[in-house]
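> what shape does this take:
(chains A and B)
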Amino acid sequence: MQDRKVLTETQINSELLWFVFNKPTRFWVALTISGLLFLSGVTAFAIMVIFGLGVTGLTTIVPWAFMITNFVFWVGISHAGVMISAILRLTQAEWRRPVTRAAEVLTVFALATAAIFPLIHMGRTWRAYWVFPVDFARGIWPSVRSPLIWDPSAIFTYLTGSALFVYVALIPDLAIARDRTTGFSHKFYSALSLGWRGTPAQWRMQVLAGILLSGLILPVFVSVHSIVSWDFGMSLVPNWHATIFAPYFVIGAVHSGVSGVVTVMAGLRIFMKLENYITQDHFDALGRLLTVVATAWLYFFLLEIVYGFLTLETAETAVRELQILHYPYNIMFALIFINSYLIPVPLWLFKRVRRNIWLMFVTTIMVNVGMWLERFIIIVPGLLYRAPLTFVWGDYTPSVIEVTLVVASFGLVSFGFLLFSKVFPIIPIADQKEGQAIQEDIKIGRITVPAVIRE
Amino acid sequence: MAEATRWGMVVDLDRCTGCQACVAACYAENNLPLNTEEMVVEDRAHNWIRIERYWEGEYPDIKARFLPVLCQHCANAPCEPVCPVYATYHNSEGLNVQVYNRCVGTRYCINNCPYHARFFNWWETPLPDPMPHYLNPDVTVRSKGITEKCTFCVQRIRRATRNAANEGGRQVADNEIQPACAQACPTNTIIFGNLANPNSTVSKLAKNERHYRLLEELGTEPGVIYLKKVDPHAKSTPERH
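Numbers count the residues shown, from 1 in each chain, chains lettered A, B, ... in the order given. Down below sits the predicted model:
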């Protein structure tokens, strides 16, 4: 049982809609910064299209590097929403309520950003639609044997599913906003709220849709990162073609995703002054969850290395050698271990750390730095290991363009997130009220009991 | 074509002198971009065929070994199943075909080729004057953003089969087709022909006891067969780096 502040419904409405109906300076500053970052990425992409991919640091030896790393990273972050919303919803963890929408919105924007990266990474982005079975005029269907066909299918399924997930949960809140606006905003919210009146029949449908979507999105949740891992697993590149990749990638995604949610929550709490809603209890609970997830991830991380050695293949051993012993990969390897496990997890064991917002903010960012490097160290050393044909020994240094694109992706996600929180309430209002109603004490005869006991 | 066809190549390493004539011929035939020093340093040079040179032994008893590496036209090609748009596929003549117009440039095939025989057009092909005047009209100049590789000079194969069909539908004779590299080779290191025909020169040479294929352990079943160097003083196993 956790203690919650009891807030009146009016207070909840006004506090959670404050950000939607007001325009604080800090919002515009943050929006401008992230918007400029995003624009720098657009510029970098334009340069890539005009001059060719030669402007990147990619070579014939390492044709996939920064952009694909970033793609895998954002797909990983996108696992946060479902982990928090669907799984915690189905397991009836009551504390999830205020953080669900932030997690889901993070999912949608992270996934949309991730989906951009394989596209701009193509040599001919303007022909990307050939990957979909839409171009009947050419008479050629996409090759379903290619993981690069499974990949867009999985990602777009997940994107559609999680967008629906956000929307269904948003409808009652849209109606609240509709009732408090006039003019264009009123029309906008009216159209989006689909005539929501809050009748019992509507609530029944909304709750049912939420539960159904939670259940349906779970298999997609597991499959999407498995399929992303098969982009590597189905290849003939040493270190990539590992059978352990699917569960390893999924657990890694959950690790970085939940960490990402904690970072965003801490940011929201500080940025939007939501201390009444995003409480230390949430950081405590997520900190405990992260301890378990991180340990499971570490198990797979070590297992993957051990399996590499177990094959006794020269190529596999050569890749491990490059990853663990050679500069700069040895530094990255150490950073992954230190950042994603060695420092955060022992810290999270202490309640005082878990309840300290700034410490959680910093440790979860560390986790994601480590997880980004983890993807990099999976992708690049496999390509430039010392192969038997020595004429193809190479090296890789990212160019300014690639670094800009990676930075811009963070700008894009925060830009989308900020815009969303400007237009829609980022804490689910109706859900919050429901949680409070469940928790309220009711009188039965002469005794007072909690309305519903969960947790 | 009535006859079963599997185009293949035999590279007799005992004959190779490492003169690079094949490399030069390939450039001229296939409209490759000029490999500037910068491109080579950047690992972005286009070498549809390259001579890998290995040093064997210690000074003064040191020997140079040459290994021409080109697309192996694998029967079980790792590059093919990973292409989402069928830009690379296996045709009925055993060729690993690259269709430039279909390529969207995912570069997965480049990753997956263990021979590193695939090249990406990082820039628009630079064609400084007078290069445009001596381009081979039979071969496409590849645009930026697509992958290319050795085609076994498919334009020559097509011309020969067309000629044969026009001359009363006869079979293409053995050794009638020569890729540019084979034609330019002064020592006849490179022999091209139909591996499916047991009487062809390549088939007979491929049965030589010196035959081996590159990275055979990967199970790619290359269509390029190498004949080991004859060297009475060679160590029993060549040194691997």
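
> tell me the SS of the residue lying closest to B:Gln20 once chain neighbours are set aside?
When the adjacent residues along the chain are set aside, B:Gln20 lies closest to B:Ile51, with 5.7 Å between them (CB to CB, 6 or more residues apart in numbering or on different chains). For the C-beta atoms, the positions are set from N, CA and C on the backbone; glycine is no exception. For B:Ile51, the secondary-structure state derived from DSSP: H, G, I helix; E, B strand; the rest coil is strand.

> you'd agree B:Ile51 is up against B:Arg65?
No: taking CB atoms under 8 Å as the contact criterion, B:Ile51 and B:Arg65 are not neighbours in contact, 10.3 Å apart.

> OK, contacts around the residue in the stretch 101-250 of chain A that chain B sits nearest to?
Using CB to the nearest CB, A:Gly123 is the residue of the stretch 101-250 of chain A that sits closest to chain B, at 1.9 Å. When the contact criterion is CB atoms under 8 Å, 6 or more residues apart in numbering or on different chains, the partners of A:Gly123 are A:53, B:103-107, B:120-121, B:144-147.

> from these, pick the one nearest A:Thr59.
Using CB to CB, B:Phe120 comes nearest to A:Thr59 of those, at 8.8 Å.

> what pairs with the residue nearest to B:Gln20 across the strands?
B:Pro68 (DSSP bridges).

> what helix or strand is A:Val449 located in?
For A:Val449, the host element (DSSP states H and E) is strand A:447-450.

> what lines up beside that strand in the sheet?
strand A:441-444 (antiparallel).

> pLDDT of the strand it pairs with, averaged?
Along strand A:441-444, the predicted confidence averages to a pLDDT of 75.

> let me see the ranges of the helices in chain B.
Assigned by DSSP state H, the helices in chain B fall at B:21-30, B:37-41, B:108-112, B:154-166, B:180-184, B:201-206.

> ok, and the closest non-adjacent residue to the residue in chain B that chain A sits nearest to?
When scored by CB to the nearest CB, chain B has B:Gly105 as its residue closest to chain A, at 1.9 Å. Take B:Gly105 and drop its neighbours on the chain: the residue closest to it by CB to CB, 6+ apart is A:Gly123, 1.9 Å away.

> the helix or strand A:His255 falls within: which residues count as buried?
Using DSSP H and E, the element containing A:His255 is helix A:245-272. Residues A:245-269, A:271-272 are the ones in helix A:245-272 that count as buried (16 or more other CB atoms under 10 Å in any protein chain shown).

> show me where pLDDT drops low in chain B?
Scanning chain B for pLDDT under 70 picks out the ranges B:1-3, B:232-241.

> gap between the residue of it most remote from its centre and A:Leu274?
Largest separation from the mean C-alpha position in chain B: B:Pro60, at 33.6 Å (CA atoms, centre = their mean). Shown here: B:Pro60 relative to A:Leu274, a distance of 78 Å by CB to CB, to the nearest Å.

> please apply the same query to B:Gly219.
For B:Gly219, the distance to A:Leu274 - CB to CB - is 58 Å.

> roughly how far apart are A:Ile84 and A:Thr363?
Separation of A:Ile84 from A:Thr363 (CB to CB): 18 Å.

> the more surrounded of those two?
In terms of neighbours (other CB atoms under 10 Å in any protein chain shown), A:Ile84 is the more surrounded of A:Ile84 and A:Thr363; the figures are 26 against 23.

> doesn't that one belong to a helix?
Yes: residue state for A:Ile84 (three-state DSSP) corresponds to a helix.

> who's in contact with it?
With contacts taken as CB under 8 Å, 6+ apart, A:Ile84 has the following neighbours: A:96, A:99-100, A:103-104, A:258, A:261.

> circling back: which elements pack onto the helix holding A:His255?
Judged by 3 or more CB pairs under 8 Å, 6 or more residues apart in numbering or on different chains; DSSP states H and E, the packing partners of helix A:245-272 are helix A:66-77, helix A:79-82, helix A:97-121, helix A:200-233, helix A:280-310, helix A:357-384, helix A:400-423.

> now with 7 Å, please.
In terms of contacts (3 or more CB pairs under 7 Å, 6 or more residues apart in numbering or on different chains; DSSP states H and E), helix A:245-272 is packed against helix A:66-77, helix A:79-82, helix A:97-121, helix A:200-233, helix A:280-310, helix A:357-384.

> among those, which is nearest B:His133?
Of all the helices and strands packed on helix A:245-272, helix A:97-121 sits nearest to B:His133, with 35.7 Å by CB to CB.

> so what secondary structure elements neighbour the very next helix or strand once past that closest one?
Downstream of helix A:97-121, the first helix or strand assigned by DSSP H and E is helix A:147-179. Helix A:147-179 sits against helix A:9-21, helix A:97-121, helix A:183-192, helix A:200-233, helix A:429-439, with contacts defined as 3+ CB pairs under 7 Å, 6+ apart.

> ok, A:Leu347 touching A:Val353?
Yes: A:Leu347 sits in contact with A:Val353 when judged by CB atoms under 7 Å, with a separation of 4.7 Å.

> shared neighbours of these two, anything?
By CB atoms under 7 Å, 6 or more residues apart in numbering or on different chains, A:Leu347 and A:Val353 have these common neighbours: A:Leu359.

> count of neighbours near A:Ala93?
In terms of burial, A:Ala93 registers 15 neighbours under the definition other CB under 10 Å.

> from B:Lys63, how far out is it?
Here the distance between A:Ala93 and B:Lys63 works out to 71 Å (CB to CB).

> get me the contact residues on the stretch 201-350 of chain A for chain B.
Listed as neighbours of chain B in the stretch 201-350 of chain A under the rule CB under 7 Å from any CB of the partner chain: A:234-237.

> repeat the analysis, applying 10 Å as the threshold.
Within reach of chain B by CB under 10 Å from any CB of the partner chain, the stretch 201-350 of chain A has these residues: A:231-232, A:234-238, A:240-241, A:313-315.

> report the buried residues of stretch A:282-302.
The neighbour-count criterion (16+ other CB under 10 Å) identifies A:282-287, A:289-291, A:293-294, A:297-298, A:300-301 as the buried residues of stretch A:282-302.

> right, I mislabeled it, should have said stretch B:12-20
Using 16+ other CB under 10 Å, the residues of stretch B:12-20 that count as buried are B:12-13, B:15-16.

> so which residues make contact with that stretch?
B:22, B:26, B:49-53, B:64-68, B:184-191, B:205, B:208, B:210-212, B:225-231 (CB atoms under 10 Å, 6 or more residues apart in numbering or on different chains).

> and A:Val452, what's its pLDDT?
Note for A:Val452: predicted pLDDT of 62.

> distance of B:Asn135 from B:Thr36?
Just so we're on the same page, residue B:135 is Leu rather than Asn. In this structure, B:Leu135 lies at 18 Å from B:Thr36, with CB to CB as the measure.

> and A:Arg355, by the same measure?
As judged by CB to CB, A:Arg355 and B:Thr36 stand 61 Å apart.

> next, count neighbours for B:Val10.
Other residues within reach of B:Val10 by the criterion other CB under 10 Å amount to 23.

> got it, and B:Asn96?
Using other CB under 10 Å, B:Asn96 is surrounded by 27 other residues.

> now do B:Glu52
Neighbour count for B:Glu52, taken as other CB under 10 Å: 15.

> quick one, what contacts it?
By CB under 10 Å, 6+ apart, B:Glu52 lies in contact with A:389-392, B:18, B:65-69.

> now the two most distant members of those.
Using CB to CB, the two most remote members of those are A:Val392 and B:Gly18, lying 17.7 Å apart.

> contacts only, for A:Met67.
By CB under 10 Å, 6+ apart, the contact set of A:Met67 is A:48, A:53, A:56, A:58, A:116-122, A:398, A:401-402, A:405-406, A:409.

> mind doing that once more with 8 Å?
Taking CB under 8 Å, 6+ apart as the definition of contact, the neighbours of A:Met67 are A:56, A:117-118, A:120-121, A:402, A:405-406.

> span of stretch A:192-200 from start to end?
With CA to CA, to the nearest Å as the measure, stretch A:192-200 spans 20 Å from end to end.
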